[in-house]
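Participant: sequence first, predicted coordinates after that:
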Amino acid sequence: MKKTDNQILVIFGASGDLTARKLIPGLFNLYLAKQLPEKFIVLGTSRSDLTDEDFRKRVVYESPYLKEKLGTQENGRAESFANMLFYEDLGGDYDTDYSNLRKRVETLKEEFNTSGNIIYYLSTPPRLYETIAQNLADAGMNTQNNGWKRLIVEKPFGYSLETAKKLNKGLHQYFDESQIYRIDHYLGKETVQNLLVTRFSNSIFEPLWNRNYIKHVEITNAESVGVEKRGGYYDKSGALRDMFQNHLLQIVSLVVMEPPIGDEPEEIRNEKVKALKSLQIMKDHKTLYNNTVRAQYVASEVHGERVKGYREEDGVESDSITETYAAIKFYVNNWRWEGVPFYVRTAKRMPTKVTEVVVHFKSPHHQIFKDSGMNNKDNKLIIRIQPDEGILVKFGVKVPGQGFKVERANLDFYYSSLTQTYVMEAYERLLLDAMQGDATLYARADEVEAAWEFVDPILDYWKNGKDVRMYGYAAGVWGPENADDLIEGNGFWRNPGKNLADDPGYCVIC
Ligand SMILES: NC(=O)C1=CN([C@@H]2O[C@H](COP(=O)(O)OP(=O)(O)OC[C@H]3O[C@@H](n4cnc5c(N)ncnc54)[C@H](OP(=O)(O)O)[C@@H]3O)[C@@H](O)[C@H]2O)C=CC1
Ligand SMILES: O=C1O[C@H](COP(=O)(O)O)[C@@H](O)[C@H](O)[C@H]1O
């Protein structure tokens, strides 16, 4: 097991939603699993005027996100966990000097003997990231002479290639790249990491993992919810920035990358960057017109209840042209993937929540069994990221009886079968990694920029291009039918069900 140094975690934006929803529950789980270092405290900070007790009430005792846990035998341990949490208010603005914050950190460090190791977690509006880094440096809180200092930066990392570069440059003035941890919570998901293991620890997949055997790759990320309470943020972002630029391109990079030399962070990250740099950037109008589809959900009835359309959501402009659905077809310009189409889509208000990668293999080059009797008979490898996490291979078997009738069968593995193994939540895993100084599952500066480089022209086309279409789709269906036009050979998107083995086929809207 890796060693976790004693340390302080300072959370900027501690009065916010993410702290209560993900960070504190993640830390509580680590505490229950005895994964926190012996001397560890959390210092929350933001503009709100809260005492230590107010903060503890808010994020532990009265937290809706810990309610279930606190109702069980873990209740007794909540108090000792809560006693590790402290709060310091930063005054009216983050543009203040941090001398009070520094004093508080020093006092807590002495009192709890945590050493000078500190993680600063930036969970504020993104426009404050650079300012906070600068203020920390001005207060001398970034120096590493009395313990390491790390900076975790929440998403979104930039709004475009230009702003991401500017942010990287800004942060690098105060923190070295080795100190910066750009979070992408999809990388904290076990099943996303398992993409690497599936590919590189088996000799049965990798030899086929190329243009000679793979027809196309399809990735679906669907959410059944709408924008919930984040309409204000989402309307300035949209599906492409919110999910595609980061989480989905991270998944793409793991599917596309070459084998790394080993499992060291930089070896893996180098290969991911190369993969992202090999995505074929769409430059001209015709390519962008033919290979991108965007849409917005419109009001409809789901299970007898009216569901609001996107433009009716709180915080969303009534004439908004922000996409809640994005489907992109693209190619990867390298030796392995030349000519293999990748189809990637992400959307809100879909029939079910699901994320999966489907690798579609080519048909055998010589067909012996004419009477296959199968619709969609080619082999598929389905890597299910969530829910019902697992892996399924579809392959042909002989139907008993005369002749050679072929049917499709499943070979499957379910994570739920590993009942003895505790699977960490994404934030829990990522927090622990940062505490241990392992940046493998965090995005590097050049990785983020390479992803923006691919996304920028699409965003620009959707904003300024001519003939850009915005389709509507009823909440609760699989997006606009027009997205099927992207798939070569009159194909359809695979519309997955709740469970890995569900086989809804290739209906347009089921
Ligand atoms: N919530 C989520 O599920 C997710 C959030 N994120 C990212 O995490 C970050 C935080 O998100 P979230 O917690 O939802 O946001 P919230 O709006 O709930 O919280 C933001 C925090 O920043 C502080 N803040 C807000 N405005 C200012 C300001 N002008 N000056 C100084 N401080 C300010 C707020 O505290 P106070 O007003 O007291 O200062 C609050 O603590 C964002 O970058 C978001 O994109 C990423 C993925 C998911
Ligand atoms: O980063 C984000 O992710 C969530 C979806 O995360 P998941 O782990 O539930 O799949 C998404 O709802 C949100 O809009 C986005 O900002």
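Facilitator: Good, I have the coordinates. Ligands and ions are numbered 1, 2, ... in the order given.

Participant: for ligand 2, what's the nearest residue on the stretch 201-350 of the chain?
Facilitator: Proximity of the stretch 201-350 of the chain to ligand 2 (C-beta to the nearest ligand atom) peaks at D242, 4.7 Å away. Using the backbone N, CA and C atoms, a C-beta is placed for each residue, glycine as well.

Participant: element containing the nearest residue in space to that residue that is not next to it in sequence?
Facilitator: Taking C-beta to C-beta, 6 or more residues apart in numbering, and ignoring the residues beside it in sequence, D242 has Y234 as its nearest neighbour in space, at 6.4 Å. Y234 is part of helix 231-235, with elements assigned from DSSP states H and E.

Participant: what's next to that helix, contact-wise?
Facilitator: With C-beta atoms under 8 Å, 6 or more residues apart in numbering as the contact definition, helix 231-235 has outside contacts at 227, 242, 313-317, 320, 322, 324.

Participant: need the next SSE after it, C-terminal direction.
Facilitator: The helix or strand immediately downstream of helix 231-235 is helix 239, counting by DSSP H and E.

Participant: give me the buried positions along the helix holding Y234.
Facilitator: For helix 231-235, burial by neighbour count (16 or more other C-beta atoms under 10 Å) applies to 231, 234-235.

Participant: residues near the residue of the stretch 201-350 of the chain closest to ligand 2, how many?
Facilitator: Around D242 there are 23 other residues, counting by other C-beta atoms under 10 Å.

Participant: cool, T346 as well?
Facilitator: T346, neighbours per other C-beta under 10 Å, totals 25.

Participant: can you tell me the element it falls in?
Facilitator: strand 342-347.

Participant: does any part of that strand sit near ligand 2?
Facilitator: No - judged by C-beta under 6 Å from any ligand atom, strand 342-347 stays clear of ligand 2, getting no closer than 9.2 Å.

Participant: for that strand, name the packing helices and strands.
Facilitator: Counting contacts by 3 or more C-beta pairs under 8 Å, 6 or more residues apart in numbering; DSSP states H and E, strand 342-347 packs against strand 214-222, strand 325-330.

Participant: so the helix or strand immediately after it in the chain versus strand 214-222, what angle?
Facilitator: The helix or strand immediately downstream of strand 342-347 is strand 354-361, counting by DSSP H and E. Counting by axes from the mean of the first three to the mean of the last three C-alpha atoms, to 10 degrees, strand 354-361 points 170 degrees away from the direction of strand 214-222.

Participant: strand partners of strand 354-361, parallel vs antiparallel please.
Facilitator: Using DSSP bridges, the strands paired with strand 354-361 are strand 214-222 (antiparallel), strand 380-386 (antiparallel).

Participant: list the contacts of it.
Facilitator: Strand 354-361 is contacted from outside by 195, 208-209, 213-222, 251, 255, 378-387, 494, 496-498, 500, using C-beta under 8 Å, 6+ apart.

Participant: can you check stretch 262-270 too?
Facilitator: Contacts to stretch 262-270, defined as C-beta under 8 Å, 6+ apart, come from residues 196, 260-261, 438-440, 444, 447.

Participant: out of those residues, which are inside helices?
Facilitator: Mapping the contacts of stretch 262-270 onto helices (DSSP state H) picks out 196, 447.

Participant: let me have the buried residues of helix 231-235 in JSON lines, adding pLDDT and distance to ligand 2 as columns.
Facilitator: Output for the buried residues of helix 231-235, formatted as JSON lines (pLDDT from 0 to 100; distance: C-beta to the nearest ligand atom, whole Å):
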{"residue": "G231", "pLDDT": "95", "distance to ligand 2": "11"}
{"residue": "Y234", "pLDDT": "96", "distance to ligand 2": "7"}
{"residue": "D235", "pLDDT": "97", "distance to ligand 2": "12"}
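
Participant: quick one: the residue of the chain found nearest ligand 1 from E68, how far?
Facilitator: For the chain and ligand 1, the shortest gap (C-beta to the nearest ligand atom) falls at G16, measuring 2.2 Å. G16 is 21 Å from E68, where distance means C-beta to C-beta, to the nearest Å.

Participant: ok, Q193 next?
Facilitator: Counting by C-beta to C-beta, the separation of Q193 from E68 is 26 Å.

Participant: of these two, which one has the most company?
Facilitator: Q193 (16 against 10).

Participant: any idea how far stretch 355-364 is from the middle of the chain?
Facilitator: From the chain centre to the centre of stretch 355-364 is a distance of 22 Å (C-alpha atoms, centre = their mean, to the nearest Å).

Participant: nope, stretch 6-24 is what I meant
Facilitator: Averaging C-alpha positions (C-alpha atoms, centre = their mean) puts stretch 6-24 19 Å from its chain's average.
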